[in-house]
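**Student:** Predicted structure and sequence below. I'll ask about it afterward.
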Amino acid sequence: MNKPVRKAVLPVAGLGTRFLPATKCMPKEMLPVVDKPLIQYAIEEAEAAGIEKFILITGRGKNLMEDHFDHAFELERILEKRGKKAELELVQQFPEPSMIQYTRQQQALGLGHAVWCAKDFVHDEPFAVLLPDDMVLAEKGCLAQMMDAYNEVGGNIVAVTEVPREQTNRYGILDIESDDGKLAKATGLVEKPDPADAPSTLSIIGRYILQPDVFEHLDKQIAGAGGEIQLTDAIAATLDRVPFHGLRYEGTRYDCGSKSGFIAANVAYALERPDMADDVRAALKDILD
Ligand code: UTP
């Protein structure tokens, strides 16, 4: 029986340079897709997968996130007075205070370093990591699909997708031992390899289920590719003792860390919404015709 995954780490301390000036004072994870910030989608996906406790690793804009996941008394009172029940419900959807914590990553030294900041929170349990700027539009949430795989094989699991070979230098890439088309057993992984050296074209997206063993490597604070402390290096350091699998999730992934991915996500999520799909489709037709 694999130990249950109850905790999730959400690193939101990146500089978000690709979205400047929008991210000058606001973390990119507060950017909305349709009408909800990226961070809220990630929390909801994690809750649907059974996560009970969250920690946000913040940089600038910590207060904005704390305020977003808290009561807004004045606004609530006004909405109540005006009889706006549906809107009131929307602003009251957030985890209980005991479920959510925040800590600061004082310097943006890389994703591995951001996760290391959650070491005391994670303690000795398996945990999930969700990068809110990666969105997966799917019937069953990506993390919930990973939980199913974890219950079968345990160990470390990452969500993976095929990328064109010329793009391997943008992602963490798996070295595969066996593959049933859905779950790939990996013997290695490399961060951002040159296309010529990439062991496969199976790339990691921003969803992980990890064993606390990764902290042994993260404790050493060794900078990897791009001079950043890499989470993939920490996973690679446990390969001799922790099974490692990549799950080809069902659904469509949107890289909301890039402008075009973010715009595509807004269109795709809007087209899923019965209250606005027709209007958006008509507007798109006008633009494209
Ligand atoms: P990115 O590689 O997308 O970097 O980080 P970024 O700084 O957010 O964005 P750009 O490239 O400058 O536009 C991937 C994820 O890791 C988090 C980010 O918040 C994002 O969720 N991260 C990255 C940290 O929390 N700390 C870091 O030191 C680096």
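**Tutor:** The structure has been received and is ready for your questions. Since this is a predicted model, take the numbers as computed values, not measurements. Numbers count the residues shown, from 1 in each chain.
**Student:** Name the residues of the protein found near the ligand, please.
**Tutor:** Listed as neighbours of the ligand in the chain under the rule CB under 6 Å from any ligand atom: 11-18, 28, 57, 105, 108-111, 113-114, 131, 133, 257. Every C-beta, even on glycine, is put in place using the N, C-alpha and C of the backbone.
**Student:** what about 5 Å?
**Tutor:** 11-18, 108, 110-111, 114, 131, 257 (CB under 5 Å from any ligand atom).
**Student:** Which single residue in the protein comes nearest to the ligand?
**Tutor:** Nearest to the ligand in the chain, going by CB to the nearest ligand atom, is residue 14, at a distance of 2.1 Å.
**Student:** burial count for that residue?
**Tutor:** 21 (other CB atoms under 10 Å).
**Student:** Inside helices: which ones of the residues of the chain next to the ligand?
**Tutor:** 111, 114 (DSSP state H).
**Student:** Okay, now stretch 225-237: how far is its last residue from its first?
**Tutor:** Length of stretch 225-237, first residue to last, CA to CA, to the nearest Å: 15 Å.
**Student:** How about that stretch, which residues are buried there?
**Tutor:** 228-237 (16 or more other CB atoms under 10 Å).
**Student:** where exactly do the helices run in this protein?
**Tutor:** Along the chain, counting by DSSP H, helices occupy 38-48, 62-68, 73-81, 85-91, 111-116, 119-122, 142-153, 214-218, 231-236, 259-271, 277-288.
**Student:** Those helices: lowest mean pLDDT?
**Tutor:** Of all the helices of the chain, helix 62-68 carries the lowest average pLDDT, namely a mean of 89.
**Student:** what does that helix rub up against?
**Tutor:** 12, 26-27, 29-30, 37, 39-40, 56, 58, 94, 102, 104 (CB atoms under 8 Å, 6 or more residues apart in numbering).
**Student:** do that again at 10 Å, thanks
**Tutor:** 10, 12-13, 25-27, 29-30, 37, 39-40, 56, 58, 61, 91, 94, 100, 102-104 (CB atoms under 10 Å, 6 or more residues apart in numbering).
**Student:** In strands, which of those residues fall?
**Tutor:** With strands taken from DSSP state E, the overlap with the contacts of helix 62-68 comprises 10, 12, 37, 56, 58, 100, 102-104.
**Student:** How confident was the prediction at the spatially most central residue of the chain?
**Tutor:** Here the mean C-alpha position of the chain is nearest to the C-alpha of residue 131 (CA atoms, centre = their mean), at a distance of 2.2 Å. Model confidence at residue 131, given as pLDDT, is 98.
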